[in-house]
Structures are given as structure tokens and as C-alpha cells.
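In: structure for this input, please:
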Amino acid sequence: VEIITTEYADYVPLIYSTTRKFDIDVTFAGGLPVVFTHVGQSLKGFLLWISSGYEALKLRKLIMSGNISITRDGDEDISMSLISRILKESPVGWGKDRYINVLSKQADYYASRASKTNDNGEKTYDFYKKKELNARFFIKMMEELLQSIPDEDQEQMIELKELCKAVSIFILQKARISSQ
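Out: Residues are numbered from 1 along each chain as shown. This next block holds a predicted model:
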């Protein structure tokens, strides 16, 4: 079936969302607008997070969107939903400089809870150990990510060239890539 439209930009979103809803494969002659791809959604979320002043809520939405991927290094205990939960529980709030310090304290809290609850039962111990493992993994992930983003100047601006480098690193390392 071929559908010819008068305005590509007006009809593609409607056709795309309808075909996705009914799980119908579709190809667009002009290609799929980037905002409908996982990469486009992850890029949008990444830029929204930066422009919001690094609000934890924006990062949490990006994590939960399913549009980013992580390398688990073979550890099946690493979970994006648990990382999202850890971010929700931690008082990061906003600010690029707050993440590592606050998340480190959160990981230490989980470690202390695991050691205190070890006598009460194995399940509680395992619960906090898993949270600590995910928190430490998330800290490592955030260190790499935050280091790739250039600092703002006195006027709270980021040089475009440097931002483009950070975006490129993010897409190559974190964006979920799939054939859509």
C-alpha cells in the first residue's frame, strides 16, 4: 500500500503513531523524522536535562524512557529501573556538581543499611547490597557522562563545538540504537 500525502511533515507523525499502535511495519520515502527514533528521543532528553540545569527529574525521565542503553559488564543485577529509583531517593535535585557527591553518600547509606540488616535476614541484606551495587555503577556512569559535558562560562553558556562533542559521545555510548 502506498499513501501519498499533501504535506509530509503534517501526516508522517499521524501515520507513524497509528502504524506503531497496530504494530504495522512502515517505510517512509523521506525517512523517519529523528524525533521518532530512540536516538532522537535520547538526544532530546539529554539536551533537556542539560538545559534544565541538570534536574534529576529530567535525567530520571530519560533513564526510564528506555531510550538509553548501558553496558552492564555482564552483571545482571544492574537495572535501569533500580538506578532510576536510586536517583529518585537521592536528594540530588539539580546541578552538575551535586551528582557524584550526593550519589556517593546514597551508596554509602545503602552499604551501611546492608551491614546493619545482615543479622535480620538474607533478603534485606541482598536488597541493600543490590542497591549499593547499582548506585556505584550509576556513579561511574555519571562521572563519565558529566566529564564529557563542557562547563558553562560566566554567562551560563556552553560553547557549541564542545557541546557537539558531548552530544556525539552521548549518542555513541548511551543512546539506544535500533532499526525503526
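
In: state the number of residues packed around residue 95.
Out: 12 (other C-beta atoms under 10 Å). Using the backbone N, CA and C atoms, a C-beta is placed for each residue, glycine as well.

In: same question, residue 134
Out: For residue 134, the number of neighbouring residues by other C-beta under 10 Å comes to 23.

In: phi, psi of it?
Out: phi -70, psi -40 (degrees, to the nearest 10).

In: quick one: it and residue 59, what's the gap?
Out: Taking C-beta to C-beta, to the nearest Å as the measure, residue 134 falls 15 Å from residue 59.

In: can you give me the helices in this protein?
Out: Applying DSSP state H to the chain gives helices spanning 8-21, 38-51, 56-64, 80-89, 99-117, 122-148, 160-173.

In: just the angle for the third one relative to helix 38-51, thanks.
Out: Right, the one you point to is helix 56-64. 170 degrees (axes from the mean of the first three to the mean of the last three C-alpha atoms, to 10 degrees).

In: the helices of the chain: which one's closest to residue 2?
Out: For the helices of the chain, proximity to residue 2 was assessed by C-beta to C-beta; helix 8-21 is nearest, at 11.8 Å.

In: of all the residues in the closest one, which ones are buried?
Out: By neighbour count on 16 or more other C-beta atoms under 10 Å, the buried set for helix 8-21 is 12, 16.

In: centre-most residue in the chain?
Out: Nearest to the geometric centre of the chain sits residue 63, at 3.3 Å (C-alpha atoms, centre = their mean).
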